[in-house]
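# requesting a structural model of the entry that follows:
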Amino acid sequence: ANIIYNRRVKGIKSKGPRQIDILIDELVAGQNFRIVYDCKYYKTKVDVKEVESFIGFLQDVEADRGLLITNK
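Predicted structure coming up:
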């Protein structure tokens, strides 16, 4: 697997650069598999809107899986 830190990827829907904290690209059985880690520092707990925004982010960068990591 290729593990890349602080990578910018062009979004398929937004057409703009999207910053990814940790990107893992791996070829599994001839298929590309992409995992995205997004690290955030918040003063309060994460609410549903932040999770929904993260799901949209995953779709925009064509991620198969994603993890949202926070301090709260």
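
# only C-alpha atoms for contact and neighbour calcs from this point on.
OK.

# parallel or antiparallel, list what pairs with the longest strand along the chain.
Ordering each strand of the chain by length in residues (DSSP state E) puts strand 17-28 first. Sheet pairing of strand 17-28 (DSSP bridges) gives strand 2-10 (antiparallel), strand 31-40 (antiparallel).

# what's the most buried one of the ones you listed?
strand 31-40 (a mean of 16; mean count of other Cα atoms under 10 Å).

# now that one: how far from the chain's centre is it?
Here strand 31-40 is found 5 Å from its chain centre; the criterion is Cα atoms, centre = their mean, to the nearest Å.

# repeat that for stretch 32-42.
On Cα atoms, centre = their mean, the centre of stretch 32-42 falls 4 Å from the chain's centre.

# same question for stretch 19-35.
10 Å.

# likewise stretch 52-60?
On Cα atoms, centre = their mean, the centre of stretch 52-60 falls 8 Å from the chain's centre.

# for the remainder of this discussion, apply numbering that starts at 50.
Taking 50 as the first residue, the last one we looked at is stretch 101-109.

# buried stuff in that stretch?
Buried residues in stretch 101-109, counting neighbours by 16 or more other Cα atoms under 10 Å, are found at 103, 104, 106, 107, 108, 109.

# let's have the residues you listed in a markdown table, adding distance to residue 65 and secondary structure.
Shown next, in a markdown table, are the buried residues of stretch 101-109 (distance: Cα to Cα, whole Å; DSSP: H, G, I helix; E, B strand; the rest coil):
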| residue | distance to residue 65 | secondary structure |
| --- | --- | --- |
| 103 | 16 | helix |
| 104 | 17 | helix |
| 106 | 12 | helix |
| 107 | 14 | helix |
| 108 | 14 | helix |
| 109 | 10 | helix |
